[in-house]
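[1] Dropping a prediction and its sequence here:
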Amino acid sequence: MSGSKRMMVCRIASANGKARLRAHRRLGTLKRCRFCTWQLRVLHLLRFENSANLRLQSCLFRCSWASARSFDDSSAAAKGSFRQMINRFVLANVLHRPLRALVGVLVISLEVLMILMVVGISRGMIVETAQRQNGIGADVFLRPPNASVIFSTGSDRMPTADGEKLTSVSSVKAISPVLTQLETSDGLVNVFGIDYASFVAVSGGFTFVAGGAFSGETVDEILIDDLYWRSKRLEVGDTHTLKGRAFKVAGVVRNGKGARVFIPIRTLQELTGWNGQATMTLIKLHDSSQTEAAIQAIQKLLPGYQVNSSQEWVSLLMNTSPPGLDLFIYVVVGIAVVIGSFAIFLSMYTTIAERTRDIGILKSLGASKAYIMGLILRESVALSFLGLVLGVVLAVAGRSLIETLIPTQRVQISLAWIAISGLLVVVSGVAGALYPAFQAASKDPLVALAYE
């Protein structure tokens, strides 16, 4: 019988070794097919094994690959079939111990969840702050020299009188001084001290959900946005404490106008002891297309001050992280990668111990070290992929839960960080499986076959 016909027979009922052997005997070709002769010996070895089907399947895969290499006329098709069978073999190995595989997948998903949630919460805060600043509606932002960008607590201040000089610039339509504070006693809450009339002139005014404006310029009243209202479950007329003082909720406004809480600027100046001072001045122009010319005129009038267009200011906020945030993210990502690598290492190490005889059988059939390592690494990548999918699902569910329980908190899960998480998961999976894979590939087949 020709070689191609022998290979065709070898691929009959690839998942059933006995059917293949019967086909050989019927055609009288068993002695001329050395691969199935090896298989016959292996069947004898596996006769009393509990996991005979799994081990027989691994031998058949190896037999098919060896057959494909022996005949050049259809080697490409045979190799393609072999790759499909190998993938099924890896899946069978994963499902062989479902509980252990599930634990490994859960630990890897924890790695992905840690990365996506830490990055998502930090980026969500920055992006949401930038969007609120952009929603004010000012064309130009004037800030003191050397003023910080992120989470200003009001320590960088300017006299409100300097801002009033801008009325002499012909392109300026309206100005509004703002004193910002960061309330930390009840989470991170951005507070604006505003002059209500001038703030409305610059921003176009608030959209009220409930209540109304301040009743005076120095009253102990606050306006809150609808997300803060839902988060704190406050109603118009309720008392809310900020900076150690009780304030009455005068109104609830639509979110997106710069801050969560608004206080009359004179009240906040008196509360902080910074009378006549502001953190920044909002500027509205007659023609927003003349922003660059207006910025040059303002810089000439107030040299040394930071003058930014709305687009520049939002870009600064989007691309500037609070001090120590990047380091914190790197530490969390590093810990997550170590956890993932350790989980894969333990899973693969116990797998190698349980499959010592399997490895011995494969090596007795001529499996190379690269082939054995490839099987182990493929299995680790399969577990890593399942962990990545589960981790992304948990992160999306976690984002919905956080934004429901804490309406003021935004969690941003980007495709870029999902891709980065996937890369880190694969790297940690391969790194954790390298030593077990090398150990499996280095086993002596005779010792492995005698393993109990």
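    The structure has been received and is ready for your questions.

[2] For the residue nearest to residue 220 when sequence neighbours are not counted, give me its contacts.
    Nearest residue to residue 220, sequence neighbours excluded (CB to CB, 6 or more residues apart in numbering): residue 247, at 5.1 Å. C-betas here are computed from N, CA, C, even on glycine. Residues counted as contacts of residue 247 (CB atoms under 8 Å, 6 or more residues apart in numbering) are 220-222, 239-241, 263.

[3] Out of the residues you listed, who's the most crowded?
    residue 263 (26 neighbours; other CB atoms under 10 Å).

[4] Alpha carbons only: can I get the one helix or strand that one maps to in CSV?
    Taking DSSP states H and E as the criterion, residue 263 maps to strand 261-264. Extracted in CSV, the C-alpha atoms of strand 261-264 (Å, rounded to 0.1, in the frame of the first residue of the first chain):
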residue,chain,number,x,y,z
VAL,A,261,-21.3,72.3,45.5
PHE,A,262,-21.6,76.1,45.1
ILE,A,263,-21.3,78.6,48.0
PRO,A,264,-21.5,82.4,47.8
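
[5] Residues touching it, excluding its own?
    Applying CB under 8 Å, 6+ apart, the external contacts of strand 261-264 come out as 183, 189-196, 199, 214, 216-219, 221-225, 228, 242, 247, 253, 271.

[6] what pairs with it, and is each one parallel or antiparallel?
    Within its sheet, strand 261-264 is paired with strand 189-194 (parallel), strand 221-225 (antiparallel), according to DSSP bridges.

[7] Tell me how far it lies from the chain's centre.
    Put simply, strand 261-264 sits 35 Å off its chain's centre (CA atoms, centre = their mean, to the nearest Å).

[8] Skip ahead from it and say which helix or strand is next.
    As assigned by DSSP H and E, the chain's next helix or strand after strand 261-264 is helix 265-272.

[9] orientation of that next one relative to strand 221-225 in degrees?
    110 degrees (axes from the mean of the first three to the mean of the last three CA atoms, to 10 degrees).

[10] Helix 265-272 - contacts with which helices or strands?
    Packed against helix 265-272 by the contact rule (3 or more CB pairs under 8 Å, 6 or more residues apart in numbering; DSSP states H and E) you find strand 172-183, strand 189-194.

[11] List the buried residues for it?
    Buried residues in helix 265-272, counted by 16 or more other CB atoms under 10 Å: 265-269, 271-272.

[12] follow-up on the earlier one: columns mean pLDDT on top of the strands paired with strand 261-264, output as a markdown table?
    A markdown table is the format used below for these (pLDDT from 0 to 100):
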| stretch | mean pLDDT |
| --- | --- |
| strand 189-194 | 89 |
| strand 221-225 | 93 |
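
[13] of all those strands, which lies closest to residue 394?
    For residue 394, the closest of the strands paired with strand 261-264 is strand 189-194, at 28.5 Å, according to CB to CB.

[14] next one: the closest one to chain centre, how far?
    Relative to its chain's centre, strand 189-194 lies at 31 Å (CA atoms, centre = their mean).

[15] contacting residues around it?
    Contacts of strand 189-194 (CB under 8 Å, 6+ apart): 129, 132, 176, 178-183, 228, 242, 258-265, 267-269, 278, 408.

[16] and of the contacts of residue 247, the nearest to residue 404?
    For those, the nearest to residue 404 is residue 240 (22.0 Å; CB to CB).

[17] Let me see the ranges of the strands in the chain.
    Secondary structure of the chain, counting by DSSP state E: strands at 140-143, 158-159, 172-183, 189-194, 208-211, 221-225, 239-242, 245-253, 261-264, 277-278, 280-285, 306-309.
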